[in-house]
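Asks: Next come a sequence and a model predicted from it.
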Amino acid sequence: MTSSYIQGTDLDVAEINQLIRRILGADRAYDTAVDLWGELGPPELEDALMLSLYLQWAAFTDWVELKPEEEQEASREMVRAARQWLALDLTDDAALDRYFDHWLHEILGYERDRNQST
């Protein structure tokens, strides 16, 4: 069974996973995150997976660019997000929803859509 995220995307998940794995061993997570962000966008608004990942990694790179003194903290969070992504069951919509809710809203500060239940 495939999740609605995967069914609704043009994203090459295997290729993106390779880029995400590079974050784990990068000398500077920011540089790899910039590469990942570039590969993800600009996404179609209807592509929930690509759009969510694009927003997530845009926020991570913005964090470093806007607050360079926090690069170490941002890098730790990038690595943590990458590890969690690689451990996800991509066939599980609920797991993907929790992942994006945590990273986009709780950690990176995107405002929740008031029209959604999450």
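Replies: Alright, I've got the coordinates.
Asks: top helix in the protein by residue count?
Replies: Among the segments of the chain that qualify as a helix by DSSP state H, the longest is helix 48-66.
Asks: those helices in the chain, which residues are they?
Replies: Under DSSP H, the chain gives helices at 4-7, 13-25, 29-40, 48-66, 71-87, 93-100.
Asks: what angle do the third one and helix 71-87 make?
Replies: For helix 29-40 and helix 71-87, the angle between their directions (axes from the mean of the first three to the mean of the last three Cα atoms, to 10 degrees) works out to 50 degrees.
Asks: Report the buried residues of helix 29-40.
Replies: By neighbour count with 16 or more other Cβ atoms under 10 Å, helix 29-40 contains the buried residues A29, Y30, T32, A33, V34, D35, L36, W37, E39, L40. Quick note: C-beta positions are derived from backbone N, CA and C, even for glycine.
Asks: Quick one: list the elements packing against the least confident helix or strand in the chain by mean pLDDT.
Replies: One helix or strand of the chain scores below all others by mean pLDDT, DSSP states H and E: helix 4-7, with a mean of 82. Applying 3 or more Cβ pairs under 8 Å, 6 or more residues apart in numbering; DSSP states H and E, we find helix 4-7 packed against helix 48-66, helix 93-100.
Asks: Tabulate these in a markdown table, adding columns for mean pLDDT, mean neighbour count and distance to E106.
Replies: Shown next, in a markdown table, are those (pLDDT from 0 to 100; neighbours: other Cβ atoms under 10 Å; distance: least, Cβ to Cβ, whole Å):
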| stretch | mean pLDDT | mean neighbour count | distance to E106 |
| --- | --- | --- | --- |
| helix 48-66 | 95 | 20 | 12 |
| helix 93-100 | 94 | 16 | 10 |
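Asks: thinking again about what came up before, what comes into contact with the longest helix of the chain?
Replies: Residues outside helix 48-66 that contact it (Cβ atoms under 8 Å, 6 or more residues apart in numbering): 4-6, 8-11, 16, 30, 33-34, 36-37, 40-45, 70-71, 74-75, 77-78, 81, 96, 100, 103-104, 108-110.
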